[in-house]
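**Student:** build me a model:
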Amino acid sequence: MARLTLSPLSIFFSAIFLFSTHVFAASAVLGVDLGTEYIKAALVKPGIPLEIVLTKDSRRKEISAVTFKPSPNGPKKGEYPERAYGSDAMALAPRYPGDNYPNIKTLLGLPVDSEQVKEYAARHPALQLEASKLRGTAAFKSAGAFTPEEDAWMVEELLAMELQSIRSNAEALAGLGTSVRSVVLTVPPFFTIEEKRAVELAADLAGFKVLSLISDGLAVGLNYATSRQFPNINEGGKPEHHMIFDMGAGSTKATVLKFQSRTVKDIGKFNKTIQEVQVLGSGWDRTLGGDALNYLIVDDMVAKFVDSPKAKKATVAAESLKAHGRAIAKLTKEAERLRHVLSANQVTQGSFEGLYEDIDFKYKITRAEFEELAESHAARVGAAIQGALDAASLQIKDLDSVVLHGGASRTPFVQKELEKVLGDADKIRTNVNSDEAAVFGAGFRAAEISPSFRVKEIRVSEGASYPAGIRWKTDEGKSKHQRLWTAASHLGAPAKDVTFSNKDDFSVNFYQLTPGAVEAETKVFATKNLTDTVTELVEKFKCEKSDVRFKVTVRLATENGEPDVVKATAECEAEELEKAGIVDGVKNLFGFGKKEQQPLKDEEGTVEEVDASSSTTSETKSSSATSSASSSSASASESADAKAAAKKKQLFVIPIQYTVEKAGVPQLPKADLTALKDRLKAFEASDRSRRQREEALNQLEGYTYKVNDIIENEDFIAASTAEERATLEKKNSEASEWLYGEGADASREELKKRLKELQDIVVPVQNRIEEAAKRPELVKGLKDALASTNEFVFDLKKKIAEHEEFESSRIASSASSTSTSTDTSTVTVAPSAADFDGLEDESATTTTKAVDVEDLKDRGPVPPLYTLEDLKESEDLYVSISAWLEEKVAAQDKLGATDDPVLLSKDLTERREKLDKAGVDLAMKGVRNFEKKKKAKETKSKKAKVSKSKASGKAAPTIKLKPGEDGKMPSFTEEEINEMLRKYREENPDAGTEVPPPKAKDEPAQKKTEEEPPLKHEEL
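**Tutor:** Presented below is the predicted three-dimensional model:
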């Protein structure tokens, strides 16, 4: 058997098809605005250009929080509690403060002893903070939802849970069968590499593939640029400079962006205009945001509560109240509401029932009091703006506008401070959606990166935000330090070449200069074969060891800003090696190659002199042999020196093998990463099982109520026996009691079993009611269809019989006529009508003849379109269905109202459909038979017309030529022949002869030559 082999081209196209189908199947992408307090997502999918992903309660943003709801029976090993997200999670915060985790974004990638983590722990006293065993970063132990043996949950795992919820909502929006895996996430510009890695880890645990990270300010700027056109710098336009001021829940950021357009080369000879958005500089305050303002109100609440008479009587201390998790959770939630109210009102108040030690508390605050509390925070607003301007080397007057973004930017005193800092309120713009501009920018960026979409071309340049460089030691052990990038460097910019003098294997540490002038290590680059490569350059290529240079090409990755090593090479310059040809190699193999030559003798010099003179000059013709020999020897030595001096230098480059490993916070080994993913999958499976159990519980509970109504229904009573109703009532009562008793914690299988017991009694009775209602109409319809079929088949069989009888009589009559004509030769038989079928007079298309009814009668009945074989299927169906229906109707009539029916509606419908299908098939056979007869008649008509034209047609006209007086046929010139043909054409217009146009009278006649003799009549 021959084996099928695929060519490389076939394999290539097959791979393209495979991967292209995968791309189309997974073409949905997601943009996520990862805020401190809220998470927003925008989906991009074919048919869904850019749409906000709604939460399960139809909100456009989800609160960044997750809560574990402990089981009423306490935690069990290997079991997972119920999870709540968003507003549902915050609603449970006062009840379960030790298992509620809000605003955890500020803790990503930070060690436990950092100031931000300590501040968060102080504001959430019920949470049990500890260091992660795997990474040493912040992690939380559950207060009551898990057993003590369960490992603490890392911040990255908690964030991954929130992202999984967002992905679930996005896939619900995208439609059934659509998987959403690719994502672009926003991060603050002050996030270090460690914090960005923590975001990527959380996305990986959630099942996402991170296409890119994008800063908040650049995401807003990208959304700002999608609907605008900026000046073209190639045409003399001036770039626009805008600042994005973003004050959210956790921090305040200011980003200076440059907007411009540029004409660049397009495909072929065409040019195109693109938009560019570049980050020039960023400034920030990591702790100035909505949460900080909320904590001002919380602290004021605590102070006023402690000073209240009832609290003083109970000797309540502020420290004890702040350490009470449930009380602080209530105060924090209410402080958020009060701050939002104060943005639009001058005064607001809140009340708490049994806040602490069963003491009720009422709180009232005015906008003036709030602004007085936030006086020190207002002064920090300008610091972020000035930091961004300094990084961009610009002044306020250079800005075209300041675009506001973030919920906290709408706070009245913040806007007043902005006007004060900017000095001109006209610069402040609110021309973007302050809540959704960032998520729309992230979604646009995701679509731009994905190969599945084509969007407006906007090239973005992200800023590094922090300086970065390298540290290493020379071969002599001396420490070296070099700064490679500044805070204003752009990610993805052209790579840089760094040259090292090291000749032995060594390592290079990349660092990032984080706040506090701390050089935090990010990556370690180490060579593997530098020592051997330098030795090879020295020995093989004759390089000087001191001339060997080691070069490393590095850049900042566009996706996350991490240093990326592009390549590493060792190189040197040395004399170009002489290349031996194939012939020289063969000569050397057999000992005939080049050898060291001795100094030339006199006679040899004479010969050399001749060669040199012939190749250099022909002017000198006579000289003495001695002088010639000496001059030839001198010139040969000078030529050799010149060649040695002009020997070319060649650059030898050898790639170096190297490794690059991440430094800083320990990275998760593959086994640990898999274990974390498995734990999250188990949690998700537990949630799915819980939802299915709740659905089964709701179905059983709803069915018990339904049974109570069914039992009293008249139709149900008529179609059921007293025994069935008694059994149903008993089982339904038992199910209701069990459901609100021990069945509250029953498994899904047990709940479905109880439901089936009830359905086994109810469903048969309901089927009897439905069948009794549908049966009469269906039986009548089937009987009518059988009668129509029988009548139709009977009529067709009758017509077929009549036509066959007529044909038989016609054939007999024709046979008798033939015998009569044979006996009497003087009688001429008239042609039958069939003999002239298809023959028409020439004027048949314009004249109409009256139809003689008697002639039509003589022709007999119309030939049928069917045969007896065509009718067999319908006839058989009629017989079988009629017998079945008669049998079933008789059996059904013997049954009572409480018996299960034997004549079912589905059987009646099925047989009616078979009968209808047979009728349609029979009609189509008639159409096909008619088309066949019509085609045969047309073919016969065409043949008859051809024969008629041949029989009655006239002879084709000819041109008559008479011989001359000498008896010979005359010869003609070309002009004479053309004139004869023209006259012939005029006399016989139907001849179809094409005649060349006559020549002008003044045009000279063409001369005859021997090659072109005159035409004769035989040729004509």
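
**Student:** count of neighbours near residue 544?
**Tutor:** 11 (other C-beta atoms under 10 Å). For the C-beta atoms, the positions are set from N, CA and C on the backbone; glycine is no exception.

**Student:** that one touches residue 575, doesn't it?
**Tutor:** No - contact between residue 544 and residue 575 fails when scored by C-beta atoms under 8 Å: they sit 10.9 Å apart.

**Student:** and the biggest helix by length in the chain, what does it pack against?
**Tutor:** In the chain, assigned by DSSP state H, the helix with the most residues is helix 748-823. If contacts are counted by 3 or more C-beta pairs under 8 Å, 6 or more residues apart in numbering; DSSP states H and E, helix 748-823 sits against helix 670-710, helix 714-719, helix 722-739, helix 872-893, helix 905-952.

**Student:** what would the ones you listed look like in CSV with mean pLDDT?
**Tutor:** Shown next, in CSV, are these (pLDDT from 0 to 100):
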stretch, mean pLDDT
helix 670-710, 93
helix 714-719, 91
helix 722-739, 92
helix 872-893, 91
helix 905-952, 79
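
**Student:** redo those helices as a markdown table? Include distance to residue 93 and mean neighbour count.
**Tutor:** Shown next, in a markdown table, are those (distance: least, C-beta to C-beta, whole Å; neighbours: other C-beta atoms under 10 Å):
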| stretch | distance to residue 93 | mean neighbour count |
| --- | --- | --- |
| helix 670-710 | 20 | 15 |
| helix 714-719 | 49 | 16 |
| helix 722-739 | 31 | 15 |
| helix 872-893 | 65 | 14 |
| helix 905-952 | 55 | 13 |
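
**Student:** so for residue 321, which of those helices sits nearest?
**Tutor:** Of all the helices and strands packed on helix 748-823, helix 670-710 sits nearest to residue 321, with 34.1 Å by C-beta to C-beta.

**Student:** tell me the angle the closest one makes with helix 748-823.
**Tutor:** Orientation check (axes from the mean of the first three to the mean of the last three C-alpha atoms, to 10 degrees): helix 670-710 against helix 748-823 gives 80 degrees.

**Student:** one step back: residue 298: which of the helices and strands packed on helix 748-823 is closest?
**Tutor:** Closest approach to residue 298 among the helices and strands packed on helix 748-823 (C-beta to C-beta): helix 670-710, 31.8 Å.

**Student:** what distance separates that closest one from the centre of its chain?
**Tutor:** Distance, stretch centre to chain centre, for helix 670-710: 30 Å (C-alpha atoms, centre = their mean, to the nearest Å).

**Student:** then stretch 70-82?
**Tutor:** That offset, for stretch 70-82, works out to 39 Å (C-alpha atoms, centre = their mean).

**Student:** please enumerate residues in contact with it?
**Tutor:** With C-beta atoms under 8 Å, 6 or more residues apart in numbering as the test, stretch 70-82 has contacts from 68-69, 96, 99, 144-147, 149, 682-683, 686-687, 690, 745.

**Student:** rewinding a little: between the helices and strands packed on helix 748-823, which one is closest to residue 33.
**Tutor:** Between residue 33 and the helices and strands packed on helix 748-823, the shortest gap by C-beta to C-beta is with helix 670-710, which sits at 22.6 Å.

**Student:** residue 891 - nearest residue in space that isn't next to it in sequence?
**Tutor:** Counting by C-beta to C-beta, 6 or more residues apart in numbering, residue 891 lies nearest to residue 902, which is 5.0 Å off, once chain neighbours are set aside.

**Student:** please name the residues that touch residue 57.
**Tutor:** Here residue 57 is in contact with 86, 87 (criterion: C-beta under 8 Å, 6+ apart).

**Student:** mind running it again at 7 Å?
**Tutor:** Counting by C-beta atoms under 7 Å, 6 or more residues apart in numbering, residue 57 touches residue 87.

**Student:** go on, residue 146?
**Tutor:** Residue 146 sits next to residue 75 when contact means C-beta under 7 Å, 6+ apart.

**Student:** that one and residue 107: what is the separation?
**Tutor:** To residue 107, residue 146 is 20 Å away according to C-beta to C-beta, to the nearest Å.

**Student:** now residue 336
**Tutor:** In this view, residue 336 and residue 107 are 19 Å apart by C-beta to C-beta.

**Student:** those two: which is more packed in?
**Tutor:** residue 107 (26 against 19).

**Student:** local confidence estimate at the more buried one?
**Tutor:** As predicted, residue 107 sits at a pLDDT of 95.

**Student:** wait, what's in contact with the residue lying closest to residue 352 once chain neighbours are set aside?
**Tutor:** In this structure, residue 352 finds its nearest non-sequential neighbour in residue 361, 4.5 Å apart by C-beta to C-beta, 6+ apart. By C-beta under 7 Å, 6+ apart, residue 361 lies in contact with 305, 308, 352, 355.

**Student:** wait, residue 300 touches residue 373, no?
**Tutor:** Yes - at 6.1 Å, residue 300 counts as touching residue 373 under the criterion of C-beta atoms under 7 Å.

**Student:** separation between the nearest residue to residue 904 once chain neighbours are set aside and residue 723?
**Tutor:** Setting aside the residues directly before and after it, residue 904 is nearest to residue 771 in space (C-beta to C-beta, 6+ apart), at 6.3 Å. Distance, residue 771 to residue 723, by C-beta to C-beta: 21 Å.

**Student:** the residue nearest to residue 904 reaches residue 900, doesn't it?
**Tutor:** No - here residue 771 lies out of contact with residue 900, judged by C-beta under 7 Å, at a distance of 8.7 Å.

**Student:** which of those two has more neighbours?
**Tutor:** A count of neighbours by other C-beta under 10 Å puts residue 771 above the other of residue 771 and residue 900, at 20 against 11.

**Student:** do you know how far the more buried one is from residue 905?
**Tutor:** Look at residue 771 and residue 905: by C-beta to C-beta, they are 6 Å apart.

**Student:** on that earlier part again, which one of the helices and strands packed on helix 748-823 lies nearest to residue 34?
**Tutor:** Closest approach to residue 34 among the helices and strands packed on helix 748-823 is made by helix 670-710 (18.1 Å; C-beta to C-beta).

**Student:** quick one: buried residues of stretch 264-274?
**Tutor:** For stretch 264-274, the buried set under the neighbour-count rule, 16 or more other C-beta atoms under 10 Å, is empty.

**Student:** end-to-end on that stretch?
**Tutor:** Terminal residues of stretch 264-274 are spaced 7 Å apart (C-alpha to C-alpha, to the nearest Å).

**Student:** residues contacting that stretch, please?
**Tutor:** So stretch 264-274 is in contact with 232, 261, 262, 263, 457, 459, going by C-beta under 7 Å, 6+ apart.

**Student:** and the helices in the stretch 251-400 of the chain, which stretches?
**Tutor:** Ranges of helices in the stretch 251-400 of the chain, per DSSP state H, counting those that start in this stretch, are 290-307, 309-313, 318-322, 325-342, 367-373, 375-378, 381-392.

**Student:** need those helices in JSON lines (columns: mean pLDDT and distance to residue 803).
**Tutor:** Shown next, in JSON lines, are the helices of the stretch 251-400 of the chain (pLDDT from 0 to 100; distance: least, C-beta to C-beta, whole Å):
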{"stretch": "helix 290-307", "mean pLDDT": "95", "distance to residue 803": "94"}
{"stretch": "helix 309-313", "mean pLDDT": "92", "distance to residue 803": "112"}
{"stretch": "helix 318-322", "mean pLDDT": "92", "distance to residue 803": "107"}
{"stretch": "helix 325-342", "mean pLDDT": "93", "distance to residue 803": "92"}
{"stretch": "helix 367-373", "mean pLDDT": "95", "distance to residue 803": "102"}
{"stretch": "helix 375-378", "mean pLDDT": "93", "distance to residue 803": "105"}
{"stretch": "helix 381-392", "mean pLDDT": "95", "distance to residue 803": "99"}
